[in-house]
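# A predicted structure for the sequence below; I have some questions about it.
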Amino acid sequence: MRLIACDIKTESEALPMVEYYSRDAIAKLLSSKKWISPHKKVVVALDKKAGVAELIEDHARGTCLGGSAWSLYHYTENSRSVFWSKREGSRLFYKLKLSEGDAPSKLEASYHPASIESIHLDGDKVRVTYSGLAGAGVAALSRGLAEGVEGVEVEEWGGGKKLGRATIILPLKEKLIIGVDDTDKSDEGATWSLVNEIAFEISKLEGVDYLEHAIVQLYPQNPFKTQNCVSLAVSFAAHPSLKEGIVKRFREAVGERTLSQETAMACFNGVMIKEDLMGFSKRAKLGMVTVEEAEEAARNAGVSTIKITGSRGLIGAVAAIPYVEYPDEAVRIPGDAVA
């Protein structure tokens, strides 16, 4: 990496040449620059088997909707490695092919002002390099201030008409998706809120990030439904060594709090979910399917199943897994064109 002298100045002198700063150090370095708005949080989950990563960014202060909309458009359009993206409020989700040593992106003001140049695994760390012109270059630095970032390397300092290029360093994490169904009874309980509370509690563990929550509308005419006939999916990013413990804690918590005799869970490790599983999920929205069909769909997609108090909940638990990424689609009534 070519390192240059920093041209961001204090009131009295130029800052020294920069190679690496911890998050705390970069925050101190930029504390006088009131035009920098820090990202709230950045998380990355690797799927080494598939050769991809999912990058989750909570934009400036967790409230900057304009910045998140701008970023979704330009980083998706201008980054060679990005092949899927979505926005939920100020949070951005990108799926990228793992890469290393890519040539710098050719940027052009307004039309191609910013890019994610590369993302790769370096030991037990993940390195993500951003570049941008003017304010987009400053955004590369503002990510270095985010929760979850361990450090930042700066090659070019942005702002004004200048190019900015920086690499943020994040801890290695992987993605875990959990589906749950059938935890309530006719006069008490709510699966969506029970699952959310358990996920929230688990997110307090060090090194665990609670990423997504989806309520999945299933076949409304199901004679076994409690009322609205929905199942749930949530996702986490965590160090590989923590995932088994998360599943154990989640299973225990559901088992202790469920009010049903048909409660079940499903679990998937990874970023890339097989398309065939969504086919099963859509069938579970449009009509009746069996526990045996759910178990077969799970085996084919690499999804593990757990019977907690019974087996009928496996249908909704498995069906919920692929919808964790599409909460707006998940809630649609079966028969809607988008569903």
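That came in fine, so what should we check first?

# from here on, contacts and neighbour counts on C-alpha atoms
Noted.

# My read is that Val43 contacts Gly144, right?
No - taking contacts as C-alpha atoms under 8 Å, Val43 lies outside contact range of Gly144: 11.8 Å.

# Which of these two has more residues huddled nearby?
More neighbours surround Gly144 than the other of Val43 and Gly144, with 31 against 23 (other C-alpha atoms under 10 Å).

# State the helix or strand in which the residue nearest to the spatial centre of the chain lies.
For the chain, the residue whose C-alpha lies nearest the mean C-alpha position (C-alpha atoms, centre = their mean) is Ile56; its distance is 4.5 Å. Under the criterion of DSSP states H and E, Ile56 resides in strand 52-60.

# That strand: which residues count as buried?
Within strand 52-60, the residues that count as buried by 16 or more other C-alpha atoms under 10 Å are 52-60.

# Go ahead and confirm Leu55 touches Asp47.
No - Leu55 is beyond contact range of Asp47, at 11.2 Å (criterion: C-alpha under 8 Å).

# residue ranges of the helices in the stretch 51-200 of the chain, please?
Assigned by DSSP state H, counting those that start in this stretch, the helices in the stretch 51-200 of the chain fall at 65-78, 135-142, 191-202.

# packing partners for the last one?
For helix 191-202, the packing partners by 3 or more C-alpha pairs under 8 Å, 6 or more residues apart in numbering; DSSP states H and E come out as strand 174-181, strand 208-217, strand 230-238, helix 243-257.

# ok, the residue nearest to Glu57 when sequence neighbours are not counted - contacts?
Across the structure, with C-alpha to C-alpha, 6 or more residues apart in numbering as the measure, the residue nearest Glu57 apart from its sequence neighbours is Val42 (4.5 Å). The neighbourhood of Val42, defined by C-alpha atoms under 8 Å, 6 or more residues apart in numbering, consists of 55-58, 143, 146-149.

# ok, now with 10 Å
The neighbours of Val42, taking C-alpha atoms under 10 Å, 6 or more residues apart in numbering as the test, are 55-59, 91-92, 143-149, 168, 170.

# go on, Leu242?
Contact partners of Leu242, counting by C-alpha under 10 Å, 6+ apart, are 173-174, 205-208.

# can you pick the most crowded of these?
With neighbours set by other C-alpha under 10 Å, the maximum within the contacts of Leu242 is found at Lys173, which has 27 neighbours.

# Quick check: it touching Asp124?
Yes - using C-alpha atoms under 10 Å, Lys173 and Asp124 qualify as a contacting pair, with a distance of 8.9 Å.

# Taking strand 174-181 as reference, get the angle to the strand holding Ile56.
Between the direction of strand 52-60 and that of strand 174-181, the angle (axes from the mean of the first three to the mean of the last three C-alpha atoms, to 10 degrees) works out to 80 degrees.

# quick one: buried residues of stretch 234-249?
Residues 234-239, 242-243, 246-247 are the ones in stretch 234-249 that count as buried (16+ other C-alpha under 10 Å).

# Format these as JSON lines; extra columns: distance to Gly313.
Supplementary listing: the buried residues of stretch 234-249 in JSON lines, determined by distance: C-alpha to C-alpha, whole Å:
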{"residue": "Val234", "distance to Gly313": "16"}
{"residue": "Ser235", "distance to Gly313": "18"}
{"residue": "Phe236", "distance to Gly313": "21"}
{"residue": "Ala237", "distance to Gly313": "24"}
{"residue": "Ala238", "distance to Gly313": "26"}
{"residue": "His239", "distance to Gly313": "28"}
{"residue": "Leu242", "distance to Gly313": "25"}
{"residue": "Lys243", "distance to Gly313": "22"}
{"residue": "Ile246", "distance to Gly313": "20"}
{"residue": "Val247", "distance to Gly313": "17"}
